[in-house]
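Student: heads up, no residue letters with this:
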C-alpha cells in the first residue's frame, strides 16, 4: 500500500509539471486508471484536483526548473523575518534593508527561472505580476 501511495503521489506531482492545457485530460486519465484498478477512493480524490491557475502553474514551472533559486528565495524570506524581528526589538534598520533587498533579488532570480521555464509559452504580464506576488507571499510565509 505504501508503494501505491508513493507512486500515486509521483503521478500527481507529474500532473503539475505538464503544460497547463494538458492538466485536465491527464488528471482524468489518471483517475480513470485508478478507478479501473479498483482504487475508487484515490481515483475520486485525483478527479477532484483543481487545475492550477496560470500564475501558480508558472511558479510551479520555475521551481521545478531551478530548485536552488527556490531554496534561496525561502532562505531570503527567513533572513527577512529574522531581520524584522530584530528591528522590532530595537535592532538597526541596516540589516532589515539588506534583508529586504536580498529577498527582492531572490524573487527576481525566481522570476528569471519562471520565464526561462516557460520558454515559448505565452503568459501575460498580469500573470507574471501574480506569479511575483505569489513568490513574495511564499518567501514571507
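Tutor: Okay, I see it. The model shown is predicted, which means the values in this text are computed figures rather than measured ones.
Student: wait, residue 70 sits on residue 110?
Tutor: Yes. Look at residue 70 against residue 110 with C-beta atoms under 8 Å: they come within range, at 6.5 Å. All C-beta atoms are positioned from the backbone trio N, CA, C, and that covers glycine.
Student: neighbour-wise, which of the two wins?
Tutor: Legend: neighbour count by other C-beta atoms under 10 Å for residue 70 and residue 110, higher for residue 110 (26 against 21).
Student: and the more buried one, which of the three is it?
Tutor: Look at residue 110: counting by DSSP: H, G, I helix; E, B strand; the rest coil, its state is helix.
Student: can you tell me which residue is nearest the centre of the protein?
Tutor: residue 60 (3.9 Å; C-alpha atoms, centre = their mean).
Student: Output the below-cut-off pLDDT ranges for this structure.
Tutor: The chain contains residues with pLDDT under 70 at 1-6.
Student: Tell me where it has strands.
Tutor: Under the criterion DSSP state E, the chain carries no strands.
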